[in-house]
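Asks: from the sequence below, what's the structure:
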Amino acid sequence: AVSSTASAAGCWADLASSASGAGSAVQADEPGAALLARLAGIWWGPKNEMYLVAGWLCSCTNEAGEERKLHLTWDDRGHLLLDREWVLDPADLLEGSAEAIWRRPAP
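Replies: All right, here's what the predicted structure looks like:
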């Protein structure tokens, strides 16, 4: 599970602007747009990794400051995929919750 925090948003504003480049904008009528809107911002994951979601892009920064760019995609089953390694079912993100449970995709 990863959890969200708004207090770190100011500290990572430069990272947010670098992640919001071309191709990351989400159109309101795109599949997954409502879920992406709920995920936008900063999330903390396992091993104290910071995830910044901006449009269809996600930056993951570890404790050593090493950053990886990850891509978010929408599959035909209505799930959000993080680099095709993790899947989020919209039903697992409860309204008002600060946690999202990502799972390994089913074969």
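Asks: CA-only coordinates of stretch 54-62 in CSV, if you can.
Replies: Taking Å, rounded to 0.1, in the frame of the first residue of the first chain, the C-alpha atoms of stretch 54-62 are listed here in CSV:
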residue,chain,number,x,y,z
ALA,A,54,1.3,13.9,-12.7
GLY,A,55,-1.0,12.9,-15.5
TRP,A,56,0.1,9.6,-17.1
LEU,A,57,3.6,9.9,-15.6
CYS,A,58,4.9,8.9,-12.3
SER,A,59,8.3,9.6,-10.7
CYS,A,60,9.6,7.3,-8.0
THR,A,61,12.5,8.6,-5.8
ASN,A,62,14.2,6.4,-3.3
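Asks: can you pull the buried residues of stretch 95-107?
Replies: Of all the residues in stretch 95-107, those buried under the rule 16 or more other CB atoms under 10 Å are 100, 102. Bear in mind the C-beta positions are built from the backbone N, C-alpha and C, glycine included.
Asks: what is the end-to-end distance of it?
Replies: 28 Å (CA to CA, to the nearest Å).
Asks: just give me the longest strand of this protein.
Replies: strand 67-74 (DSSP state E).
Asks: ok, and what's touching that one?
Replies: Identification of contacts with strand 67-74 by CB atoms under 8 Å, 6 or more residues apart in numbering yields 15, 19, 30-32, 36, 51, 53, 56-61, 80-84.
Asks: kindly recompute the last result at 7 Å.
Replies: 31-32, 36, 56-61, 80-83 (CB atoms under 7 Å, 6 or more residues apart in numbering).
Asks: parallel or antiparallel, list what pairs with that strand.
Replies: strand 57-61 (antiparallel), strand 80-82 (antiparallel) (DSSP bridges).
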